[in-house]
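**Student:** Fold the following and give me the result.
(one chain, ligands or ions: 1)
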Amino acid sequence: MDTVADNLARIRERMDSACVRAGRSPDDVRLMAVSKRQSPERLAAAVACGLRLFGESRVQESVQKWDLFPPDATVHLIGHLQRNKARDAARMYHAVDSIDAERTAVALNDRLTEVDRRMPVLLEVNTSGEESKQGVDTFDDLRRLVDATRSLDRITVAGLMTIGPISSEEARLRGAFAQLRDFRDRLVTTFPELDLAELSMGMSNDLEYAILEGATTVRVGTALFGVRDR
Ligand SMILES: *Cc1c(COP(=O)(O)O)cnc(C)c1O
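**Tutor:** Numbering: from 1, shown residues only. Sure, this is the predicted structure:
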(Lines give C-alpha, C1' and ligand atoms only; values in the text may rest on other atoms or scores of the structure.)
Protein backbone atom coordinates (compact mmCIF):
# COMPACT_ATOMS: atom_id res chain seq x y z
CA MET A 1 0.00 0.00 0.00
CA ASP A 2 1.18 3.50 -0.75
CA THR A 3 2.18 5.61 2.18
CA VAL A 4 0.82 9.06 2.87
CA ALA A 5 4.32 10.43 2.20
CA ASP A 6 4.42 8.85 -1.27
CA ASN A 7 0.92 10.08 -2.02
CA LEU A 8 1.83 13.57 -0.85
CA ALA A 9 4.85 13.68 -3.17
CA ARG A 10 2.63 12.77 -6.11
CA ILE A 11 0.02 15.37 -5.19
CA ARG A 12 2.68 18.07 -4.89
CA GLU A 13 3.95 17.11 -8.36
CA ARG A 14 0.43 17.34 -9.77
CA MET A 15 -0.10 20.71 -8.11
CA ASP A 16 3.28 22.02 -9.27
CA SER A 17 2.77 21.03 -12.90
CA ALA A 18 -0.73 22.50 -12.90
CA CYS A 19 0.74 25.74 -11.54
CA VAL A 20 3.35 25.76 -14.30
CA ARG A 21 0.61 25.21 -16.90
CA ALA A 22 -1.46 27.98 -15.35
CA GLY A 23 1.50 30.36 -15.07
CA ARG A 24 0.92 30.58 -11.33
CA SER A 25 3.32 30.31 -8.42
CA PRO A 26 3.06 27.05 -6.42
CA ASP A 27 3.07 29.27 -3.31
CA ASP A 28 -0.33 30.60 -4.32
CA VAL A 29 -2.12 27.25 -3.97
CA ARG A 30 -2.52 25.58 -0.59
CA LEU A 31 -3.12 21.90 -0.01
CA MET A 32 -5.84 21.08 2.49
CA ALA A 33 -5.69 17.49 3.76
CA VAL A 34 -9.25 16.19 4.00
CA SER A 35 -9.05 13.98 7.08
CA LYS A 36 -12.69 12.95 7.36
CA ARG A 37 -13.16 9.23 8.09
CA GLN A 38 -9.42 8.52 8.00
CA SER A 39 -7.64 6.50 10.67
CA PRO A 40 -5.59 8.10 13.45
CA GLU A 41 -2.51 6.43 11.94
CA ARG A 42 -3.00 8.06 8.54
CA LEU A 43 -3.69 11.41 10.16
CA ALA A 44 -0.50 11.08 12.20
CA ALA A 45 1.42 10.25 9.01
CA ALA A 46 0.13 13.45 7.39
CA VAL A 47 1.18 15.46 10.42
CA ALA A 48 4.63 13.80 10.29
CA CYS A 49 4.88 14.96 6.64
CA GLY A 50 4.40 18.52 7.86
CA LEU A 51 0.80 19.01 6.79
CA ARG A 52 -1.02 21.45 9.06
CA LEU A 53 -4.14 22.45 7.12
CA PHE A 54 -7.01 19.98 7.52
CA GLY A 55 -10.60 19.75 6.33
CA GLU A 56 -13.29 17.90 8.26
CA SER A 57 -16.83 17.08 7.18
CA ARG A 58 -18.78 16.44 10.35
CA VAL A 59 -18.76 18.33 13.62
CA GLN A 60 -19.42 15.23 15.73
CA GLU A 61 -16.52 13.34 14.18
CA SER A 62 -14.18 16.31 14.72
CA VAL A 63 -15.15 16.55 18.39
CA GLN A 64 -14.16 12.92 18.88
CA LYS A 65 -10.80 13.14 17.12
CA TRP A 66 -9.82 16.72 17.99
CA ASP A 67 -6.82 15.66 20.10
CA LEU A 68 -5.26 14.02 17.05
CA PHE A 69 -4.64 17.42 15.49
CA PRO A 70 -1.41 19.10 16.66
CA PRO A 71 -1.78 22.44 18.43
CA ASP A 72 -0.43 24.34 15.43
CA ALA A 73 -2.88 22.74 12.98
CA THR A 74 -5.60 24.73 11.24
CA VAL A 75 -8.82 22.77 10.88
CA HIS A 76 -11.70 23.87 8.68
CA LEU A 77 -15.22 22.52 8.52
CA ILE A 78 -15.89 21.77 4.84
CA GLY A 79 -19.12 19.79 5.28
CA HIS A 80 -22.61 21.12 5.83
CA LEU A 81 -23.10 22.87 9.17
CA GLN A 82 -26.33 22.06 10.97
CA ARG A 83 -27.47 24.86 13.23
CA ASN A 84 -27.66 22.56 16.25
CA LYS A 85 -23.94 21.90 15.79
CA ALA A 86 -22.98 25.56 15.61
CA ARG A 87 -21.88 25.69 19.24
CA ASP A 88 -19.20 22.99 18.82
CA ALA A 89 -18.19 24.43 15.46
CA ALA A 90 -17.75 27.89 16.97
CA ARG A 91 -15.49 26.79 19.79
CA MET A 92 -13.45 24.28 17.78
CA TYR A 93 -12.75 25.12 14.14
CA HIS A 94 -10.49 27.79 12.72
CA ALA A 95 -12.84 28.39 9.80
CA VAL A 96 -16.09 27.16 8.26
CA ASP A 97 -15.87 26.83 4.47
CA SER A 98 -19.43 25.73 3.79
CA ILE A 99 -21.82 28.54 4.70
CA ASP A 100 -24.75 28.57 2.29
CA ALA A 101 -27.61 30.15 4.21
CA GLU A 102 -28.10 33.31 6.22
CA ARG A 103 -29.60 31.45 9.19
CA THR A 104 -26.51 29.22 9.42
CA ALA A 105 -24.24 32.27 9.31
CA VAL A 106 -26.32 33.93 12.03
CA ALA A 107 -26.26 30.79 14.22
CA LEU A 108 -22.48 30.53 13.88
CA ASN A 109 -22.04 34.24 14.59
CA ASP A 110 -24.21 33.96 17.73
CA ARG A 111 -22.20 31.03 19.05
CA LEU A 112 -18.91 32.76 18.26
CA THR A 113 -20.11 35.73 20.29
CA GLU A 114 -20.80 33.40 23.23
CA VAL A 115 -17.30 31.92 23.17
CA ASP A 116 -15.70 35.26 22.24
CA ARG A 117 -14.08 34.01 19.03
CA ARG A 118 -13.98 35.13 15.41
CA MET A 119 -13.38 33.16 12.26
CA PRO A 120 -13.13 33.49 8.50
CA VAL A 121 -15.80 31.71 6.47
CA LEU A 122 -16.26 30.75 2.84
CA LEU A 123 -19.61 30.74 1.10
CA GLU A 124 -20.45 27.52 -0.72
CA VAL A 125 -21.81 27.68 -4.25
CA ASN A 126 -23.45 24.81 -6.09
CA THR A 127 -21.72 25.14 -9.46
CA SER A 128 -22.67 21.68 -10.72
CA GLY A 129 -26.44 21.97 -10.57
CA GLU A 130 -26.49 18.55 -8.92
CA GLU A 131 -29.41 18.17 -6.50
CA SER A 132 -27.31 16.32 -3.93
CA LYS A 133 -24.89 19.24 -3.53
CA GLN A 134 -25.11 21.97 -0.92
CA GLY A 135 -24.50 25.59 -1.80
CA VAL A 136 -26.31 28.59 -3.19
CA ASP A 137 -27.40 28.18 -6.79
CA THR A 138 -27.48 31.62 -8.34
CA PHE A 139 -25.45 34.80 -8.26
CA ASP A 140 -28.43 36.70 -6.87
CA ASP A 141 -28.70 34.28 -3.94
CA LEU A 142 -24.97 34.62 -3.36
CA ARG A 143 -25.13 38.42 -3.47
CA ARG A 144 -27.97 38.39 -0.95
CA LEU A 145 -26.02 36.04 1.31
CA VAL A 146 -22.95 38.28 1.22
CA ASP A 147 -25.13 41.27 1.96
CA ALA A 148 -26.73 39.48 4.92
CA THR A 149 -23.41 38.36 6.41
CA ARG A 150 -21.74 41.76 6.16
CA SER A 151 -23.33 42.94 9.39
CA LEU A 152 -22.23 39.85 11.37
CA ASP A 153 -19.29 40.93 13.48
CA ARG A 154 -17.77 37.53 14.33
CA ILE A 155 -17.37 36.09 10.85
CA THR A 156 -15.50 37.46 7.86
CA VAL A 157 -16.26 36.19 4.38
CA ALA A 158 -12.90 35.39 2.81
CA GLY A 159 -14.06 33.85 -0.45
CA LEU A 160 -15.98 31.01 -2.04
CA MET A 161 -16.01 27.21 -2.05
CA THR A 162 -17.44 24.66 -4.43
CA ILE A 163 -17.45 20.95 -5.14
CA GLY A 164 -17.02 20.16 -8.83
CA PRO A 165 -19.51 18.07 -10.78
CA ILE A 166 -19.34 14.28 -10.81
CA SER A 167 -17.69 14.07 -14.20
CA SER A 168 -14.37 13.36 -15.84
CA GLU A 169 -15.01 15.83 -18.65
CA GLU A 170 -12.54 18.67 -18.66
CA ALA A 171 -15.02 21.19 -20.07
CA ARG A 172 -17.64 20.44 -17.44
CA LEU A 173 -15.20 20.54 -14.53
CA ARG A 174 -13.44 23.68 -15.70
CA GLY A 175 -16.77 25.31 -16.44
CA ALA A 176 -17.88 24.82 -12.84
CA PHE A 177 -14.61 26.14 -11.41
CA ALA A 178 -14.64 29.09 -13.83
CA GLN A 179 -18.15 29.88 -12.63
CA LEU A 180 -16.98 30.08 -9.03
CA ARG A 181 -14.20 32.48 -10.04
CA ASP A 182 -16.63 34.52 -12.10
CA PHE A 183 -19.06 34.76 -9.17
CA ARG A 184 -16.20 35.93 -6.99
CA ASP A 185 -15.13 38.56 -9.52
CA ARG A 186 -18.71 39.84 -9.79
CA LEU A 187 -18.99 40.00 -6.00
CA VAL A 188 -15.83 42.10 -5.83
CA THR A 189 -17.41 44.51 -8.30
CA THR A 190 -20.57 44.67 -6.18
CA PHE A 191 -18.76 44.89 -2.83
CA PRO A 192 -15.37 46.50 -3.57
CA GLU A 193 -14.56 46.82 0.13
CA LEU A 194 -14.54 43.04 0.64
CA ASP A 195 -11.43 40.88 0.33
CA LEU A 196 -12.64 37.69 -1.33
CA ALA A 197 -9.29 36.21 -2.33
CA GLU A 198 -10.03 32.60 -1.40
CA LEU A 199 -11.28 30.10 -3.96
CA SER A 200 -11.46 26.63 -2.41
CA MET A 201 -12.05 24.18 -5.26
CA GLY A 202 -10.56 20.98 -6.63
CA MET A 203 -10.31 17.56 -5.00
CA SER A 204 -8.44 14.29 -5.64
CA ASN A 205 -9.74 13.82 -9.17
CA ASP A 206 -9.93 17.36 -10.50
CA LEU A 207 -7.38 19.52 -8.68
CA GLU A 208 -5.48 20.35 -11.89
CA TYR A 209 -8.55 21.89 -13.51
CA ALA A 210 -9.30 23.86 -10.36
CA ILE A 211 -5.76 25.25 -10.28
CA LEU A 212 -6.05 26.22 -13.94
CA GLU A 213 -9.21 28.16 -13.06
CA GLY A 214 -7.70 29.96 -10.08
CA ALA A 215 -8.04 27.76 -6.99
CA THR A 216 -6.18 29.07 -3.95
CA THR A 217 -6.88 25.92 -1.90
CA VAL A 218 -7.38 22.38 -3.15
CA ARG A 219 -9.02 19.87 -0.79
CA VAL A 220 -7.57 16.39 -1.15
CA GLY A 221 -8.73 13.29 0.73
CA THR A 222 -8.46 9.91 -0.98
CA ALA A 223 -5.44 10.72 -3.19
CA LEU A 224 -3.54 11.60 -0.02
CA PHE A 225 -4.81 9.18 2.61
CA GLY A 226 -6.35 6.35 0.58
CA VAL A 227 -9.96 5.19 0.55
CA ARG A 228 -12.03 6.37 3.54
CA ASP A 229 -13.44 4.14 6.29
CA ARG A 230 -17.16 3.27 6.25
C1 LIG B 1 -14.59 14.57 1.02
C2 LIG B 1 -14.42 15.94 0.53
C3 LIG B 1 -13.24 16.31 -0.18
C4 LIG B 1 -12.14 15.35 -0.55
O5 LIG B 1 -12.57 14.49 -1.57
P6 LIG B 1 -11.54 13.46 -2.26
O7 LIG B 1 -12.20 13.11 -3.54
O8 LIG B 1 -11.42 12.30 -1.33
O9 LIG B 1 -10.26 14.16 -2.46
C10 LIG B 1 -13.13 17.64 -0.55
N11 LIG B 1 -14.08 18.55 -0.27
C12 LIG B 1 -15.21 18.24 0.40
C13 LIG B 1 -16.21 19.29 0.68
C14 LIG B 1 -15.41 16.93 0.81
O15 LIG B 1 -16.54 16.63 1.45
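**Student:** since we're on Q179, how many residues are nearby?
**Tutor:** 19 (other Cβ atoms under 10 Å). All C-beta atoms are positioned from the backbone trio N, CA, C, and that covers glycine.
**Student:** give me every residue that touches the residue lying closest to it once chain neighbours are set aside.
**Tutor:** Nearest residue to Q179, sequence neighbours excluded (Cβ to Cβ, 6 or more residues apart in numbering): T127, at 4.7 Å. Taking Cβ atoms under 8 Å, 6 or more residues apart in numbering as the criterion, T127 is in contact with 135, 162, 164-165, 176-177, 179-180.
**Student:** Might one say that M32 is in contact with R219?
**Tutor:** Yes: the pair M32 and R219 passes the contact test of Cβ atoms under 8 Å, sitting 4.6 Å apart.
**Student:** Touching both of these two, which residues are there?
**Tutor:** Joint contacts of M32 and R219 (Cβ under 8 Å, 6+ apart) are 55, 78, 200.
**Student:** Among those residues, name the buried ones.
**Tutor:** Buried subset of the shared contacts of M32 and R219 (neighbour count, 16 or more other Cβ atoms under 10 Å): 55, 78, 200.
**Student:** Restricting to these, which residues neighbour the ligand?
**Tutor:** I78 (Cβ under 6 Å from any ligand atom).
**Student:** Which of the buried ones among the shared contacts of M32 and R219 fall within strands?
**Tutor:** 55, 200 (DSSP state E).
**Student:** tell me which of the buried ones among the shared contacts of M32 and R219 is nearest to the ligand?
**Tutor:** Proximity of the buried ones among the shared contacts of M32 and R219 to the ligand (Cβ to the nearest ligand atom) peaks at I78, which lies at 4.1 Å.
**Student:** how about the closest one, phi and psi?
**Tutor:** phi -110, psi -10 (degrees, to the nearest 10).
**Student:** What separation is there between it and V20?
**Tutor:** 27 Å (Cβ to Cβ, to the nearest Å).
**Student:** so can I have JSON lines of the contacts of T127 showing distance to V121 and pLDDT?
**Tutor:** Output for the contacts of T127, formatted as JSON lines (distance: Cβ to Cβ, whole Å; pLDDT from 0 to 100):
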{"residue": "G135", "distance to V121": "13", "pLDDT": "97"}
{"residue": "T162", "distance to V121": "14", "pLDDT": "98"}
{"residue": "G164", "distance to V121": "20", "pLDDT": "96"}
{"residue": "P165", "distance to V121": "24", "pLDDT": "96"}
{"residue": "A176", "distance to V121": "21", "pLDDT": "98"}
{"residue": "F177", "distance to V121": "20", "pLDDT": "98"}
{"residue": "Q179", "distance to V121": "20", "pLDDT": "98"}
{"residue": "L180", "distance to V121": "15", "pLDDT": "98"}
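**Student:** Out of the residues you listed, the closest to Q60 would be?
**Tutor:** Distances from Q60 to these, taken as Cβ to Cβ, are shortest for G135 (21.7 Å).
**Student:** Could you report the neighbour count for the closest one?
**Tutor:** Neighbourhood size, G135 [other Cβ under 10 Å]: 23.
**Student:** cool, the one 4 residues further on as well?
**Tutor:** F139 has 15 neighbouring residues, counting by other Cβ under 10 Å.
**Student:** Since that was my last question, I'll sign off now.
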